[in-house]
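Asker: this one's sequence-less:
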DNA sequence: CTAGGTGCAAAGGTTTTGCACTTTA
DNA sequence: TAAAGTGCAAAACCTTTGCACCTAG
């Protein structure tokens, strides 16, 4: 536990972020449980539940700082809320419509044929594949 | 011009929508110029510029009605604004980060290998591919 | 005439910001 | 003790809603 915190502290420091109590707690929640897809609201509630009172504003700020530092990624799946993904490796997502749930696509041999070239003066920053799911009618 | 309006009126009627002045004008703006990617705000401004005063609320309502009717599609590219796409055929997009611009991927032989199965009880509603672009540094 | 549509303004939800206070190094 | 981070509340967005008025069939 102390070890885990030390690891997180080091990681934050490496990203140029001061390891404050709030950032350590949030990073801990984010990375302790494997890959996660969270909204600001959800992380805020988890932090409160975990006995770490953090203001919503700080959660916003922190998640954006983590994003800039490349520790997490923003997912654009739905236009009302911002989802953050703790898995920054190259992978793609299911999105369950109606339930607003993001899932990793498990066995990732998904590939794209004939990926187009970027227009002149542009380069590809990232390719997102989102497979939208709906509940099957019985 | 009268012809075009008649066409649009018929189309709206077929979708169960009364062809009101506002809906005709908006449909006209949306479909007259080929495939487009617009926000509510942009369409509202275009309508005003075209001398068709329409309230923002009506643009929102109308675009949602058109979406439900299957005339247009919602694009989730960026989490702050909703983009609507007038091209409902199966195709994908570039998104220029920083400039917040949506472009169709032109020659569409893009294909996905090993598309995963939907989890139990779910079916695939739609697959979105978004290629995020950034300006190349010289 | 009447069901449906529109406009306005107000409310709702998410995200950002300003500023005083606190904490880290 | 500086410099950076945090919390609160207010503000800034984008979007939806309620209700009185208008309009197409």
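Answerer: Noted; the coordinates are in hand. Computed from a prediction, not measured in an experiment: that's the story for all the values here.
Asker: name the helices or strands packed onto the biggest strand by length in chain A?
Answerer: In chain A, with assignment by DSSP state E, the single longest strand is strand A:122-135. Packing partners of strand A:122-135 (3 or more CB pairs under 8 Å, 6 or more residues apart in numbering or on different chains; DSSP states H and E): strand A:93-96, strand B:122-135. Yep, even glycine has a C-beta here, placed from its N, CA and C like the rest.
Asker: Adding distance to DNA strand D, mean neighbour count and mean pLDDT, write those out as TSV.
Answerer: Converted to TSV, those look like this (distance: least, CB to the nearest atom of the strand, whole Å; neighbours: other CB atoms under 10 Å in any protein chain shown; pLDDT from 0 to 100):
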stretch	distance to DNA strand D	mean neighbour count	mean pLDDT
strand A:93-96	17	20	94
strand B:122-135	17	17	94
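Asker: out of those strands, nearest to residue A:37?
Answerer: strand A:93-96 (7.7 Å; CB to CB).
Asker: List the neighbouring strands of the closest one plus their orientation.
Answerer: Within its sheet, strand A:93-96 is paired with strand A:101-104 (antiparallel), strand A:122-135 (parallel), according to DSSP bridges.
Asker: Present those strands as a markdown table; the columns should include distance to residue A:31.
Answerer: Listed next are those as a markdown table, based on distance: least, CB to CB, whole Å:
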| stretch | distance to residue A:31 |
| --- | --- |
| strand A:101-104 | 15 |
| strand A:122-135 | 21 |
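Asker: now the helices for chain A?
Answerer: A:2-14, A:21-32, A:40-49, A:56-68 (DSSP state H).
Asker: Point me to the residue of chain A nearest DNA strand D.
Answerer: Nearest residue of chain A to DNA strand D: residue A:58, at 3.0 Å (CB to the nearest atom of the strand).
Asker: Please name the nearest non-neighbouring residue to that residue.
Answerer: residue A:22 (5.5 Å; CB to CB, 6 or more residues apart in numbering or on different chains).
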